[in-house]
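S.K.: sequence plus predicted model, see below.
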Amino acid sequence: MKVLVLGGDGFCGWPTSLHLSDIGHDVTIVDNLSRRAIDIELEVESLTPIQPIGERIRVWKELTGSEIGYVRLDLANEYDRLAALLIETRPDAIVHFGEQRAAPYSMRNETAKRYTIDNNVRGTHNVLCAIVESGLDIALVHLGTMGVYGYGWSGSAPIPEGYLTVKVPTPDGDIEREILHPANPGSVYHLTKTLDQLMFAFYCANDQVRVTDLHQGIVWGTQTPQTALDERLINRFDYDGDYGTVLNRFLMQAAIGHPLTVHGTGGQTRAFIHIRDTVRCIQIALENPPARGEKPKVFNQVTETFRVRDLAELIAKITGAEIANLPNPRREAAENELNVSRDHFLELGLNPTKLSEGLLEESRDIAVKYRHRADTTKIIARSVWRQGMETSPDLVKPQ
Ligand code: NAD
Ligand code: USQ
């Protein structure tokens, strides 16, 4: 299958590109390297030493003989080039990771809020428009988020996979309708994913575009069998207050002797998936596209749920790290339950990778190996959801 991987230089996109190439697909990465530019803006780097995209691709060819293409292109601002690329390469499928994905970054200031909306909404719309303009039957797999549903909205009822059956009262009695699950975004970033959903619904109904929207939980871990082949293929590891996600942050913090930064009571329950399962899920989604004319297929791409304080306690137990309960810089429920349906991937053969001490050790080893690259002044989350919210002082003095 010929596959374009949009955002293929990023944390999820790079291992997915290698996995798809490894199983024989013809992969071309499309990326404008904006994530690397944001690292420069934030004056922070991946904990792991990621190589330039050209070197990554060259090493993959050297080791496996497989070629991965690369096109530097901005999905949000270079529509004509994108449309021409589809006509020229005639892909069977597109995997779309190419968005600004950090909730804290999206709440930093007005510039970041506007950039996140402009980049993500315009980029996704350009992809849909270019598929229609190409006249080709290209299946689109998009990375959405569990955060579109919000947390705690439906009490203890399981969050369904995308759609909710509701009863509409009419003078002639109740009628049943299936609707998109109500959107309840918790940040400007999450808001963009809820807008993406509406665009998919429209383009599926109007143009019979085939779309699978994967509502993914928080990805943890770093390496997949392919990225672990050679240090020059290593995946990125974000640990800073904007881009680092909670479990990887805790692992890195434990590795450098920093207290674990629990926001508030740590009663927030979230969905998680290991990066190895992310790449398998993308493969499964590519192999099971919807038919033309079908509404968007929505899969919850989640393997487990955990409460933040339970993760902190587990890591503290394994590593001896201290736990710090910090003022929460976000507006979010202090405590919530989370019960998620995830039958589609299980039915299609996903054998979930569960959080185990062994896997935690593997990630921790990476954090320990590269801890000399950490900048301790970048650890505390500084983006606040509303002006006047409290931020925390640095907990460790820079060496
Ligand atoms: P990332 O920031 O590491 O990668 C995104 C890539 O897209 C980057 O390489 C970036 O340069 C590129 N990109 C962004 N805007 C672009 C544009 N306009 N044109 C071309 N390229 C562009 O993020 P990630 O962690 O790999 O996440 C990938 C996708 O998965 C995102 O859409 C994110 O919302 C979703 N997701 C991620 C997680 C997670 O925990 N990392 C969880 C759920 C969903
Ligand atoms: N948290 C802490 N301490 C920290 C960092 C985070 O307690 O040091 C808490 C946050 O307050 C939040 C939870 O942990 O309650 C998760 O935060 P996160 O930064 O790990 O994840 P989030 O902001 O939700 O975003 C990440 C990805 C995003 C993806 C989302 C999936 O960056 O791209 O969409 O996970 S989900 O959470 O399911 O919506």
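M.R.: Done, it's in. Ligands and ions are numbered 1, 2, ... in the order given.
S.K.: now S392. Nearest residue, chain neighbours left out?
M.R.: L326 (4.3 Å; CB to CB, 6 or more residues apart in numbering). In short, each C-beta sits where N, CA and C put it, glycine included.
S.K.: again, but for A103
M.R.: Closest to A103 by CB to CB, 6+ apart is S187, at 3.7 Å.
S.K.: what number of residues lie near that neighbour?
M.R.: Using other CB atoms under 10 Å, S187 is surrounded by 22 other residues.
S.K.: adjust the sequence numbering to begin at 18 for everything that follows.
M.R.: Sure, I'll start counting at 18 from here, so that last one is S204.
S.K.: can you check the pLDDT for it?
M.R.: You'll see S204 listed with a pLDDT of 98.
S.K.: ok, it - contacts?
M.R.: S204 makes contacts with A120, P121, S123, M124, G164, R347, W402, as judged by CB atoms under 8 Å, 6 or more residues apart in numbering.
S.K.: redo that, cut-off 6 Å
M.R.: By CB atoms under 6 Å, 6 or more residues apart in numbering, the residues touching S204 are A120, S123, M124.
S.K.: and which of these is nearest ligand 2?
M.R.: A120 (3.7 Å; CB to the nearest ligand atom).
S.K.: report pLDDT for that closest one.
M.R.: So, for A120, pLDDT stands at 98.
S.K.: that one touches Y206, doesn't it?
M.R.: Yes. Contact status for A120 versus Y206: in contact at 4.6 Å, counting by CB atoms under 6 Å.
S.K.: which other helices and strands contact the helix or strand bottoming out on mean pLDDT in the chain?
M.R.: The least trusted helix or strand in the chain, going by mean pLDDT, DSSP states H and E, turns out to be helix 374-386, with a mean of 88. The helices and strands touching helix 374-386, judged by 3 or more CB pairs under 6 Å, 6 or more residues apart in numbering; DSSP states H and E, are helix 263-273.
S.K.: so what touches the helix it packs on?
M.R.: 237, 256, 277, 325, 328, 332, 336, 338, 380-381, 384-385, 388, 391.
S.K.: nearest to H113, of these?
M.R.: W237 (21.6 Å; CB to CB).
S.K.: for stretch 106-116, buried residues please.
M.R.: T106, P108, D109, A110, I111, V112, H113, F114, G115, E116 (16 or more other CB atoms under 10 Å).
S.K.: tabulate those (TSV), appending distance to D247, pLDDT and secondary structure.
M.R.: Formatted as TSV, the buried residues of stretch 106-116 follow (distance: CB to CB, whole Å; pLDDT from 0 to 100; DSSP: H, G, I helix; E, B strand; the rest coil):
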residue	distance to D247	pLDDT	secondary structure
T106	27	98	helix
P108	27	98	coil
D109	29	98	coil
A110	27	98	strand
I111	28	99	strand
V112	23	99	strand
H113	27	99	strand
F114	22	98	coil
G115	25	98	coil
E116	28	98	coil
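S.K.: can you name the two of those that are farthest apart?
M.R.: For the buried residues of stretch 106-116, and using CB to CB, no pair is farther apart than D109 and E116, which are 22.1 Å apart.
S.K.: show me which of the contacts of helix 263-273 are buried.
M.R.: Of the contacts of helix 263-273, these count as buried by 16+ other CB under 10 Å: 237, 256, 277, 325, 328, 332, 336, 338, 380-381, 384-385, 391.
S.K.: now distance to T244 too, for these, in JSON lines please.
M.R.: Below are the buried ones among the contacts of helix 263-273 laid out as JSON lines (distance: CB to CB, whole Å):
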{"residue": "W237", "distance to T244": "14"}
{"residue": "Y256", "distance to T244": "17"}
{"residue": "L277", "distance to T244": "26"}
{"residue": "V325", "distance to T244": "27"}
{"residue": "L328", "distance to T244": "23"}
{"residue": "I332", "distance to T244": "23"}
{"residue": "T336", "distance to T244": "24"}
{"residue": "A338", "distance to T244": "26"}
{"residue": "S380", "distance to T244": "13"}
{"residue": "R381", "distance to T244": "17"}
{"residue": "A384", "distance to T244": "15"}
{"residue": "V385", "distance to T244": "18"}
{"residue": "A391", "distance to T244": "20"}
